[in-house]
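Engineer: I'll drop the sequence and a predicted model, then ask my questions.
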Amino acid sequence: MRQVVIYPGEDGYWVAECPSLRGCISQGKTKREAIANIKEAIEGYIISLEEDGLSVPEEHFEALVVTV
């Protein structure tokens, strides 16, 4: 299980990224598409690490909402 941050991008697409996997980012035309794409990206990221004999980072992200 991984935490994902999703937000609207400047180009009208939705951006999704997984903070615990540096550089693991994707996007989609809709939120649903962005979520499906980031799931695929996370799976591929982890497979690549394992194939290269590297350790998979633990989930460590903590989300907070700050009112300004």
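Structural biologist: Perfect, I can see it now. Residues are numbered from 1 along each chain as shown.

Engineer: all helices for this protein, in order.
Structural biologist: 31-51 (DSSP state H).

Engineer: pLDDT weak spots in it?
Structural biologist: The model of the chain has no residue with pLDDT under 70.

Engineer: What separation is there between the closest residue to A63 other than its chain neighbours and G53?
Structural biologist: Excluding its sequence neighbours, the residue lying closest to A63 (C-beta to C-beta, 6 or more residues apart in numbering) is Q3, at 6.7 Å. C-beta coordinates here come from the backbone N, C-alpha and C atoms, glycine included. Distance from Q3 to G53, counting by C-beta to C-beta, to the nearest Å: 26 Å.

Engineer: and if you look at I25?
Structural biologist: 24 Å.

Engineer: what's the answer for G23, then?
Structural biologist: G23 is 19 Å from G53, by C-beta to C-beta.

Engineer: So if I had to pick from Q3 and G53, which one is more boxed in?
Structural biologist: Shown here are Q3 and G53; by other C-beta atoms under 10 Å, Q3 has more neighbours (12 against 6).

Engineer: ok, that one - contacts?
Structural biologist: With contact set as C-beta atoms under 8 Å, 6 or more residues apart in numbering, Q3 has these partners: C18, P19, S20, E59, F61, A63.

Engineer: For ChimeraX, write the selection for the buried entries among those.
Structural biologist: To isolate the buried subset of those in ChimeraX, counting by 16 or more other C-beta atoms under 10 Å, use the following:
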select :18,19,20
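
Engineer: I'd like the contacts of Q3 written out as a markdown table, with distance to R32 added.
Structural biologist: Output for the contacts of Q3, formatted as a markdown table (distance: C-beta to C-beta, whole Å):
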| residue | distance to R32 |
| --- | --- |
| C18 | 17 |
| P19 | 21 |
| S20 | 22 |
| E59 | 23 |
| F61 | 22 |
| A63 | 20 |
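
Engineer: and E43, how far is that from E10?
Structural biologist: 27 Å.

Engineer: For the two, indicate the residue with more neighbours.
Structural biologist: Each of E43 and E10 has its neighbours counted (other C-beta under 10 Å); E43 has more, 10 against 6.
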